[in-house]
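Participant: Model the following, please.
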Amino acid sequence: MQIGKEKLMWMYEKMVEIRYYEETMAAVYMEGKLPPAIQKGLAFDIGGGPVPGEMHLAAGQEPVAVGVCAHLSDDDTVVGTHRPHHFAIAKGVPLDAMTAEMFGKATGLGKGKGGHMHLFDNAHKFSCSGIVGASMPIACGAALAAKKLGKNWVSIAFFGEGAANQGAFHESLNLAAVWKLPVVFVCEDNQWAISVPKAKATSVQWVTDRAAGYGIPGIRVADNDAVAVFEAMAPAIARARRGDGPTLIEVRTDRYFGHFQGDPESYRPKDEVAHLRARDPIGLLSKLLKERGLMSAVQEAAVVQSAQQRVTRAFAFAANSAYPNAQDALADVFVQDHASTRALV
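Facilitator: Below you'll find the predicted structure:
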């Protein structure tokens, strides 16, 4: 299908924003984690610096997020993975609140209590989880709600190829197929399930080969290309909105960073990342826009500058925000009214 200039420019802008966000987070995350540890002869300090805990970044996987979310409305639901930033940004989650959440600040999406793997934004109908494969049953629930309400909303379940070997994958596809739920299952195949290559853990070459077992379409996108993802999503979204049920899509994408920040990546061939970066999807989309006469070098520079400014402001907002008060640790977690609690029991 032909994509208009506005949509192509949106995808390019979001890909640039996502990439700069991830690269900025990669640098900020390492603050306070390595230098002191090296000086003291200690191990990597995962709790050090302004952003404690694990961090999973999605640089290189931008086409999946923008190619899918370019089809969505504010009413559609997206459920991401433990590597969620690109999905959240493409769905419109505010950068300020998202970044503050990762910094553990009170101004964050979850008041600093969830961290980067547990981003929830009801206003933009986005959520994610650190549990492998958890996106699929949750997306089915959102799709069932839409169907019960008589809405033409769709839900998207993003997951990695490693999660396709979880029981939740098979149960969710079966349930969605039987009930004809308006959900699209989108697999990011970056060839690595943490440190295990796909060929050693999965019985089929493509996860979409399994779609036939549930009587649903399986669409394969062999290139890490935003336009190709957009085109593959079109029939899946149309099928879901008209009530014909789910679709399984798999995109061959690239993970530039390790499974987590601090990952020594000893399992990867030494030249793999350099080879992947040689066909960077942002550069490919930029080339396409220029060849079609849709973007000049001046316009491109303006897009990049604007995206970088938004990201810079978000990190400054997070850094300057206050931490939650200790006495609020249990707020929003448990029922505070004892009478209500007794009534529930």
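Participant: which stretch of helix or strand covers Val64?
Facilitator: helix 62-69 (DSSP states H and E).
Participant: List the buried residues for that helix?
Facilitator: Buried residues in helix 62-69, defined by neighbour count with 16 or more other CB atoms under 10 Å: Glu62, Pro63, Val64, Ala65, Val66, Gly67, Val68, Cys69. Using the backbone N, CA and C atoms, a C-beta is placed for each residue, glycine as well.
Participant: Name the surrounding residues that touch it.
Facilitator: 10-11, 14-15, 18-19, 58, 78, 86-87, 89-91, 156, 158, 184, 186, 188, 224-230, 232-233, 251, 253, 281-282 (CB atoms under 8 Å, 6 or more residues apart in numbering).
Participant: again, only this time at 6 Å
Facilitator: 11, 14-15, 18, 86-87, 90-91, 156, 186, 188, 224-226, 229-230, 233, 251, 253, 281 (CB atoms under 6 Å, 6 or more residues apart in numbering).
Participant: heading toward the C-terminus, what's the first helix or strand past it?
Facilitator: Following helix 62-69 toward the C-terminus (DSSP H and E): strand 77-79.
Participant: Return the alpha-carbon coordinates of the helix or strand that that following strand is followed by using PDB.
Facilitator: Using DSSP H and E, the helix or strand that follows strand 77-79 in sequence is helix 85-91. Extracted as PDB, the C-alpha positions of helix 85-91 are listed here (Å, rounded to 0.1, in the frame of the first residue of the first chain):
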ATOM      1  CA  HIS A  85      10.800   2.200  25.300                       C
ATOM      2  CA  HIS A  86      10.400   2.200  21.500                       C
ATOM      3  CA  PHE A  87       6.800   1.000  21.800                       C
ATOM      4  CA  ALA A  88       5.900   3.500  24.500                       C
ATOM      5  CA  ILE A  89       7.400   6.400  22.500                       C
ATOM      6  CA  ALA A  90       5.600   5.300  19.300                       C
ATOM      7  CA  LYS A  91       2.300   5.000  21.200                       C
END
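Participant: Show residues contacting helix 85-91.
Facilitator: 14, 18, 58, 61-62, 65-66, 69, 78, 80, 98, 119, 124, 126, 158.
Participant: and the two most separated of those?
Facilitator: Spatial extent of the contacts of helix 85-91 (CB to CB) is set by the pair Gln61 and His124 at 19.7 Å.
Participant: what does the strand or helix carrying Ser286 contact?
Facilitator: In the assignment (DSSP H and E), Ser286 maps to helix 281-291. Residues outside helix 281-291 that contact it (CB under 6 Å, 6+ apart) are Tyr12, Met15, Pro63, Asn224, Ala226, Met295.
Participant: Chain neighbours aside, what residue packs nearest to the first one?
Facilitator: If you skip the residues right next to it in sequence, Tyr12 has Leu285 as its closest partner in space, 5.1 Å away by CB to CB, 6 or more residues apart in numbering.
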